[in-house]
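> okay, here's the prediction I keep looking at, along with the sequence it came from:
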Amino acid sequence: MSNTASLKKEYAERIAPALKEQFQYSSAMQIPVLKKIVINQGLGIAVADKKIIDVAINEMTAITGQKAVATISRKDIANFKLRKKMPVGVMVTLRRERMYEFLEKLVRVALPRIRDFKGIESKFDGRGNYTLGIQEQIIFPEINIDSITRILGMNITFVTSAQTDEEGYALLKEFGLPFKNAKKD
């Protein structure tokens, strides 16, 4: 738990003052913060095989250190052999300590393990939030490659209190996310 305190402390001591100066905020409450990280796996293939959901829940729980939950379908779609309330994915929402723990692990351990890694795209949603797509779950050290039956991707969404993409980009860049093309700083 000491490493989470370091990232939280780094935000308070270095990142927040730097952002306040960069964007000329008049109040400390205007400084963007990382509210939560949502990790989501869409598993359409689970319609045919229910065990895939259980495996995905166990993997996601190991990666994040928090129990993952199955997401269920909202309606019937005959073409996909989908019924209402069938499990079609797995998700976890991380806040506070676990959020900082996961962020540190993602930046320092997982992302550098991606083959031919040249950085991540810097495309935000217009409100300062960022979603990162990962093709394989095996970049996380908790996943035992020998026990993998199928490579599954995931989306990691960083929800910030930033009002603009520029503010969100500056916040996540300060946290150490390796963006590909450095925007105007």
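It's in.

> how far away is residue 122 from residue 99?
If you measure residue 122 against residue 99 using C-beta to C-beta, to the nearest Å, the figure is 21 Å. Every residue, glycine included, has its C-beta placed from N, CA and C.

> comparing the two, which residue is more hemmed in?
residue 99 (23 against 17; other C-beta atoms under 10 Å).

> please, which helix or strand holds that one?
Using DSSP states H and E, residue 99 sits in helix 96-105.

> any buried residues in that helix, and which?
By 16 or more other C-beta atoms under 10 Å, the buried positions in helix 96-105 come out as 98, 99, 100, 101, 102, 103, 104, 105.

> what of stretch 21-38?
For stretch 21-38, the buried set under the neighbour-count rule, 16+ other C-beta under 10 Å, comprises 23, 31, 32, 34, 37, 38.

> can you list these in CSV and add distance to residue 159, secondary structure and pLDDT?
Compiled in CSV, the buried residues of stretch 21-38 are given as follows (distance: C-beta to C-beta, whole Å; DSSP: H, G, I helix; E, B strand; the rest coil; pLDDT from 0 to 100):
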residue, distance to residue 159, secondary structure, pLDDT
23, 19, helix, 82
31, 16, coil, 81
32, 11, coil, 83
34, 8, strand, 82
37, 7, strand, 86
38, 7, strand, 87
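
> with the residues you listed in mind, which one is nearest to residue 115?
When the buried residues of stretch 21-38 are compared for distance to residue 115 (C-beta to C-beta), residue 37 wins out at 23.5 Å.
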